[in-house]
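Undergrad: Okay, here's the prediction I keep looking at, along with the sequence it came from:
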Amino acid sequence: MFPTPTRPLIAPSLLAADFSRLREEVAAIERAGADWLHLDVMDGHFVPNITFGPLVVKALRPYTKMPMDAHLMIAPADPYIAAFAEAGADHISVHPEAGPHLHRTLQLIRSLGKKAGVVLNPATPIDAVVNVLDLTDLIMVMTVNPGFGGQAFLSSQLPKIAALRRLIDESGRDIILQIDGGITPKTAPSVLQAGATCLIAGTAVFGAPDYAAAITAIRESAPPSLPQLSTSLGG
């Protein structure tokens with residue numbers, strides 16, 4: 001499990017980076033204070049877009065100490081999990097809809113020494129994760145429909161985030177509650193107030209002229225009631 005973070009974790013999404021200079025982009029966000037590198041893996045089947053696969057993860061792995069946070073928007077997911085683990089992904093998250101046996105998939109991820117995550121689309125109910133909490137290291141709530149970057153934040157997902165926060169707290173488990181989609185300094189406060197502990201930001205970071213300022217703006221948008229201390233999480 002993850003230790004409980006003492007400040008909002010920021011995971012810039014590689015999907016929004018300049019693909020002609022990925023090595024430089026990854027180094028830049030690491031210098032700018034990013035906590036994790038988020039990897040949006042799309043297959044053109046499960047979602048209507050194609051991005052990259054294990055070879056890109058493997059190519060970038062030697063050039064960053066940040067944990068690599070792989071979000072597999074592919075179906076079926078199971079045949080590719082070992083490849084992403086071998087390539088250097090530290091966290092591997094899957095959608096319940098991307099395979100017949102979520103429990104078995106999470107077991108597979110953990111058997112490879114990786115953190116296991118479950119991703120809930122806007123229409124996916126919380127019930128999808130209730131019976132696998134013992135195998136879950138992170139839960140990601142999609143606040144857009146998956147498949148493209150730069151979409152508008154869906155405020156309809158805030159009650160889901162709050163409900164998951166209660167579920168995690170009641171479980172007593174150190175599960176990261178991650179939010180992906182439309183995260184900016186304007187939308188971040190509401191998700192943090194609802195109980196999120198990790199924010200994925202693509203355009204809001206890579207589309208900004210100053211990556212450090214963009215990351216700081218998102219992190220410091222946290223409501224005053226949330227702790228703002230430093231933390232370092234490993235993979």
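TA: Yep, it's here. Residues are numbered from 1 along each chain as shown.
Undergrad: drop to CA atoms for contacts and neighbour counts, all remaining ones
TA: Fine.
Undergrad: What distance do you get for residue 6 to residue 219?
TA: Residue 6 is 12 Å from residue 219, where distance means CA to CA, to the nearest Å.
Undergrad: quick one, which of these two is more surrounded?
TA: residue 219 (23 against 14; other CA atoms under 10 Å).
Undergrad: So which bits of the helix ranked longest in the chain are buried?
TA: In the chain, with assignment by DSSP state H, the single longest helix is helix 158-171. Residues of helix 158-171 classed as buried under the neighbour-count rule (16 or more other CA atoms under 10 Å) are 158, 160-162, 164-165, 168.
Undergrad: try stretch 28-46
TA: So for stretch 28-46, counting by 16+ other CA under 10 Å, buried means 28-30, 32-43, 46.
Undergrad: of all those, which comes closest to residue 63?
TA: Nearest to residue 63 among the buried residues of stretch 28-46, counting by CA to CA, is residue 30 at 10.0 Å.
Undergrad: follow-up on the earlier one: out of the buried residues of stretch 28-46, list just those in helices.
TA: 28-30.
Undergrad: Quick check on residue 112: phi, psi?
TA: phi -90, psi 10 (degrees, to the nearest 10).
Undergrad: which stretches of this protein form helices?
TA: Secondary structure of the chain (DSSP H): helices located at 22-31, 54-60, 78-87, 102-111, 127-130, 158-171, 188-194, 203-206, 211-219.
Undergrad: So residue 81 versus residue 105, what's the distance?
TA: On the measure of CA to CA, residue 81 and residue 105 end up 9 Å apart.
Undergrad: got any ranges where this structure has weak pLDDT?
TA: For the chain, applying pLDDT under 70 flags the ranges 1, 3-5, 224-235.
Undergrad: Let me see the contact set for residue 116.
TA: 91-93, 106, 109-110, 135-138 (CA atoms under 8 Å, 6 or more residues apart in numbering).
Undergrad: let's see it at 10 Å
TA: 1, 69-70, 90-94, 105-110, 135-139 (CA atoms under 10 Å, 6 or more residues apart in numbering).
Undergrad: And the closest residue to residue 117 other than its chain neighbours, how far from residue 108?
TA: Excluding its sequence neighbours, the residue lying closest to residue 117 (CA to CA, 6 or more residues apart in numbering) is residue 93, at 3.9 Å. Look at residue 93 and residue 108: by CA to CA, they are 12 Å apart.
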